[in-house]
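[1] Predicted model and sequence follow; I will ask about them next.
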Amino acid sequence: MSNTPPMKKIVIAGANSFVASHFVHELLVQGFDVIALVRGSSDQSAQDRMNQALIDTTLNFPSNFDQLTVLDYALLEEDFGIPGSKLEWIFSEGVDFFHFAASLKFDYQSKEEIFKTNVDGLHNALKIFNRYSRNNDRLFFISTAYSCGIFPGRFEEKFYPEDDISSFRNYYEQSKRYAENTLKKFMEENGTQAHVIRLSQVVGNSETGVTITDYGIFDFARRIQALSYEFPHQTIRILADPQANQNLIAIDTTVHDLMQLLKVESLPTILNFVANKPVENHQIIQTISDLLPINLVPIKDITADQMNKLEQLVLSGMSFTGNYIDTDIRFDTTNRDHVISSNNRTVSKESLEAMLSYYLDQLHSKYAGKEKADKRDVPL
Ligand SMILES: NC(=O)c1ccc[n+]([C@@H]2O[C@H](COP(=O)([O-])OP(=O)(O)OC[C@H]3O[C@@H](n4cnc5c(N)ncnc54)[C@H](OP(=O)(O)O)[C@@H]3O)[C@@H](O)[C@H]2O)c1
């Protein structure tokens with residue numbers, strides 16, 4: 001008996017996000033019907049925002065564009081603010097629903113927004129899914145591998161209890177742990193068929209180097225680039241354990257694995273979508289140093305008072321990366337490996353160079369353009 005399910009309609013909340021837009025692109029290429037839920041902004045319609053996100057993924061528009069339906073939605077409103085008749089139409093055939101929408105902020109001031117979006121937003125999606133879905137429909141919640149928080153062991157593909165903020169690096173991690181438990185409770189109470197997909201740090205395309213995310217190591221690279229222009233040819237010591245690592249997973253690998261999910265009828269509840277081998281900090285830092293007029297030296301034990309002014313400036317700007325600079329987390333992938341074909345899930349040295357080089361070149365062009373525009377703005 002085949003375990004391959006029939007081709008379903010794919011519904012995606014937060015379809016214009018970095019990860020989801022790459023997924024949508026591939027779904028269209030492979031002939032799926034896609035319903036993209038995107039919020040419109042004051043100056044751009046949901047359709048325009050989705051179109052732009054799709055172009056950004058590969059710099060090409062997918063050819064099977066007519067199989068995409070974009071709907072404006074409100075994450076926290078009843079029925080997402082979408083008429084019931086439309087939702088009935090959406091769920092009239094088999095559906096796999098992917099919930100990508102999330103706040104990726106992590107600072108204290110944004111705590112309320114983070115929890116509202118990541119926990120209440122998921123709960124609302126679960127209610128809507130429960131109201132309209134039919135037998136065999138599935139909901140996939142896109143979580144993060146870093147819902148592990150500050151965890152010493154091997155993070156397994158199972159639910160972990162809610163915990164105090166002191167067990168996490170930031171509110172983003174904690175909110176995703178809470179969201180996972182919201183989903184667990186909802187499944188137990190309603191018998192909903194749902195799954196948690198935990199992604200690690202998603203980076204650019206491993207083959208082309210195209211990188212359109214500002215997250216994690218790219219945010220760090222962006223800050224260092226700005227600094228290197230202002231203070232070129234300096235050697236800067238940064239607080240980072242050179243042997244610690246970042247679990248980076250390429251966007252094309254992530255999309256490949258998401259596509260695999262659609263082919264398997266019976267899936268475990270939780271899958272860790274992480275790299276088989278993480279990338280060590282010294283390699284990331286050396287690559288950035290090679291690409292910019294700056295020499296970064298990672299040092300594990302250095303305090304702010306041992307640093308010069310410039311080094312202290314870098315330290316204060318490392319708000320995100322700083323929390324992840326000494327991580328060496330081990331992730332269990334037994335469930336994933338059981339259902340998804342083997343794949344090289346490691347970001348190679350060459351891929352990392354290509355991604356950082358692409359990302360910094362793009363920024364450089366923006367800076368150069370801005371500089372030109374600024375000069376033009378000067379009255380003659
Ligand atoms: N990127 C990574 O490395 C990574 C790693 C682990 C897990 N993940 C997970 O993967 C998912 C996608 O991440 P990403 O990096 O692709 O995200 P992203 O590009 O930052 O996009 C976030 C998405 O969430 C939507 N969103 C945020 N607040 C919202 C609100 N209040 N109402 C409605 N929509 C809202 C955004 O809509 P607008 O564009 O309208 O703001 C956007 O569609 C997230 O669940 C994230 O936690 C990502």
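    Received the coordinates, thanks.

[2] For residue 233, give its distance to residue 249.
    Per Cβ to Cβ, to the nearest Å, residue 233 is found 34 Å from residue 249. For the C-beta atoms, the positions are set from N, CA and C on the backbone; glycine is no exception.

[3] Looking at these two, which has the bigger crowd around it?
    Higher neighbour count among residue 233 and residue 249: residue 249, with 23 against 8, using other Cβ atoms under 10 Å.

[4] per-domain residue ranges of the chain.
    Per the record, the chain has its domains at 9-203+247-273, 217-246+279-328+348-371, by automatic domain parsing.

[5] Can you list the buried residues in stretch 107-127?
    Buried residues in stretch 107-127, counted by 16 or more other Cβ atoms under 10 Å: 110-111, 114-115, 117-119, 121-126.

[6] The stretch 151-300 of the chain: strands as residue ranges?
    Secondary structure of the stretch 151-300 of the chain (DSSP state E, counting those that start in this stretch): strands at 154-155, 194-199, 201-203, 234-239, 245-246, 248-250, 270-273, 279-280, 294-299.

[7] any chance of these in TSV, plus mean pLDDT?
    Below are those laid out as TSV (pLDDT from 0 to 100):
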stretch	mean pLDDT
strand 154-155	96
strand 194-199	98
strand 201-203	96
strand 234-239	92
strand 245-246	92
strand 248-250	96
strand 270-273	98
strand 279-280	94
strand 294-299	93
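
[8] With distance to residue 132 added, can I get those in a markdown table?
    Output for these, formatted as a markdown table (distance: least, Cβ to Cβ, whole Å):
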| stretch | distance to residue 132 |
| --- | --- |
| strand 154-155 | 33 |
| strand 194-199 | 14 |
| strand 201-203 | 29 |
| strand 234-239 | 50 |
| strand 245-246 | 39 |
| strand 248-250 | 32 |
| strand 270-273 | 24 |
| strand 279-280 | 42 |
| strand 294-299 | 51 |
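
[9] Of all the ones you listed, which one is nearest residue 339?
    strand 270-273 (7.4 Å; Cβ to Cβ).

[10] Any part of that closest one near the ligand?
    No - on the criterion Cβ under 6 Å from any ligand atom, strand 270-273 is out of touch with the ligand, staying 8.6 Å away.

[11] mean pLDDT lowest for which of the domains of the chain?
    Note on these: lowest mean pLDDT is at domain 217-246+279-328+348-371, with a mean of 88.

[12] just how off-centre is that domain within its chain?
    Counting by Cα atoms, centre = their mean, to the nearest Å, domain 217-246+279-328+348-371 is centred 20 Å from the centre of its parent chain.

[13] Does it reach the ligand?
    No - between domain 217-246+279-328+348-371 and the ligand, judged by Cβ under 6 Å from any ligand atom, nothing touches; the nearest distance is 9.7 Å.

[14] How about stretch 25-43?
    Yes - Stretch 25-43 is in contact with the ligand by Cβ under 6 Å from any ligand atom, via residue 39.

[15] from the domains of the chain, which stretch is densest packed?
    Looking across those with neighbours counted as mean count of other Cβ atoms under 10 Å, the highest average goes to domain 9-203+247-273: a mean of 18.

[16] Compute the first-to-last residue distance for that domain.
    Start-to-end span of domain 9-203+247-273 (Cα to Cα, to the nearest Å) is 23 Å.

[17] Can you show me the helices along the chain?
    For the chain, applying DSSP state H gives helices covering 18-29, 46-58, 84-90, 111-115, 121-132, 171-190, 217-230, 251-261, 281-291, 309-317, 319-323, 334-339, 349-377.

[18] Show me what the fifth one is packed against.
    Under the contact criterion of 3 or more Cβ pairs under 8 Å, 6 or more residues apart in numbering; DSSP states H and E, the helices and strands touching helix 121-132 comprise helix 84-90, strand 95-99, strand 138-144, helix 171-190.

[19] and of these, who's closest to the ligand?
    With Cβ to the nearest ligand atom as the measure, strand 138-144 is the member of the helices and strands packed on helix 121-132 nearest the ligand (3.8 Å).

[20] Residues in contact with the closest one: which ones?
    Strand 138-144 has contacts (Cβ atoms under 8 Å, 6 or more residues apart in numbering) with 19-20, 95-100, 102, 122, 125-126, 129, 133, 172-173, 176, 179-180, 183, 192-200, 261, 267.

[21] again, only this time at 6 Å
    96-100, 129, 176, 180, 183, 193-198 (Cβ atoms under 6 Å, 6 or more residues apart in numbering).

[22] That one relative to helix 121-132, how many degrees between them?
    Per axes from the mean of the first three to the mean of the last three Cα atoms, to 10 degrees, the angle that strand 138-144 makes with helix 121-132 is 170 degrees.

[23] wait, does strand 138-144 contact the ligand?
    Yes - using Cβ under 6 Å from any ligand atom, we find that strand 138-144 touches the ligand at 142, 144.
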